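> kindly generate the corresponding structure for this input.
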Amino acid sequence: MKTPEFQIYQCQNPDCHFRCPNDLTLREIKRCPVCGGAFLPQGEPFTNFQPSPSQVAKRKVEIEVVLDNLRSTLNVGSIFRTADGAGVKHIHCCGTCPTPEHPKIKKSGLGAEELIAWTYHPNALDLVSRLKDDGKQIVCLEATPSSKPLFSTSIGGLQKIILVMGNEISGIDPAILSIADTVLDIPMAGRKTSINVAVAFGVAVYTLLNN
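Numbering: from 1, shown residues only. This is a model prediction of the structure:
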């Protein structure tokens, strides 16, 4: 009998009781990876709810994303996955940003990189300037002395937004910030002054969609 795709397994050794899902491999697991004890399925398989088209919210905001010189394939893959879930129209990979052609992006993209439209551009400033000339609103996510808090700033109305995310260390190109319509930041309450770019993207894109 084939093992369910998503199933919790638990070690039967009372001194161990290691518990985990059976990964995504569909392979049968017989021994605990920690102690080697009997490893048996527990309870019902996982269920992954898939909303029907009627249950997917209609968006009043159309968002494209510019990834300005990101470098991590894991971050880019994660952004593609979140972007697909959020209904992002297009992702523009710029400069050093790896594209979905890179095999490591599949590890964190989990197939989303094959579902969302994307293009590569060698120069993010040239691209953002063209998009601005096309009448799209340039929104940068970056902590600057003049940036506005993401959660208390209203973009307002039916908009076509270009959300710009910057390099993991240096941030967004200053020349792009200078032509942005809006620069937003995520308020930080701890000692660190920033969060992971893929996490920040998720916070920003869903906030803008529900603005």
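
> when you work out contacts or count neighbours from here on, use the C-alpha atoms and nothing else.
Will do.

> point to the residue nearest the middle of this protein.
Closest to where the C-alpha atoms of the chain average out (C-alpha atoms, centre = their mean) is residue 79, at 2.6 Å.

> buried stuff in the helix or strand where it lies?
Assessed by DSSP states H and E, residue 79 sits inside helix 73-86. Of all the residues in helix 73-86, those buried under the rule 16 or more other C-alpha atoms under 10 Å are 73-84, 86.

> ok, now stretch 120-136?
Under 16+ other C-alpha under 10 Å, the buried positions of stretch 120-136 are 120-121, 124-125, 127-129, 132, 136.

> and those residues, which is closest to residue 67?
Nearest to residue 67 among those is residue 124, at 8.0 Å by C-alpha to C-alpha.

> how about that closest one, what does it touch?
Going by C-alpha atoms under 8 Å, 6 or more residues apart in numbering, residue 124 touches 66, 68-69, 94-95, 176.

> next one: residue 88
By C-alpha under 8 Å, 6+ apart, the contact list for residue 88 reads 62-65, 116.

> could you measure from it over to residue 18?
Counting by C-alpha to C-alpha, to the nearest Å, the gap from residue 88 to residue 18 is 39 Å.

> again, but for residue 210
In terms of C-alpha to C-alpha, residue 210 sits 40 Å off from residue 18.

> who has more neighbours, these two?
Between residue 210 and residue 18, counted using other C-alpha atoms under 10 Å, the more crowded position is residue 18 (17 against 10).

> state the pLDDT value of the more buried one.
Listed pLDDT for residue 18 reads 93.

> that one against residue 11, yeah?
Yes: contact criterion C-alpha atoms under 8 Å: residue 18 and residue 11 qualify, at 5.2 Å.

> overlap in contacts, the two.
Each of residue 32 lies in contact with both residue 18 and residue 11 under the rule C-alpha under 8 Å, 6+ apart.

> can you tell me the SS state at the closest residue to residue 182 other than its chain neighbours?
In space, and not counting its chain neighbours, residue 182 is closest to residue 139: 4.9 Å by C-alpha to C-alpha, 6 or more residues apart in numbering. Secondary structure assignment for residue 139 (DSSP: H, G, I helix; E, B strand; the rest coil): strand.

> next up, the contacts around residue 139.
Residues near residue 139 by C-alpha under 8 Å, 6+ apart: 161-164, 180-184.

> domain parsing for this structure?
Domain assignment for the chain by automatic domain parsing gives 1-48, 57-209.

> sorry, back to before: widest-spaced pair of the contacts of residue 124?
95 and 176, at 13.3 Å, using C-alpha to C-alpha across the contacts of residue 124.

> neighbour count winner among these two?
Neighbours per residue, other C-alpha under 10 Å: of residue 95 and residue 176, the larger number sits with residue 176, 20 against 16.

> pLDDT at the more buried one, what is it?
96.

> ok, residue 184 next?
In this prediction, residue 184 carries a pLDDT score of 95.

> likewise residue 109?
Looking at residue 109, the pLDDT reads 46.
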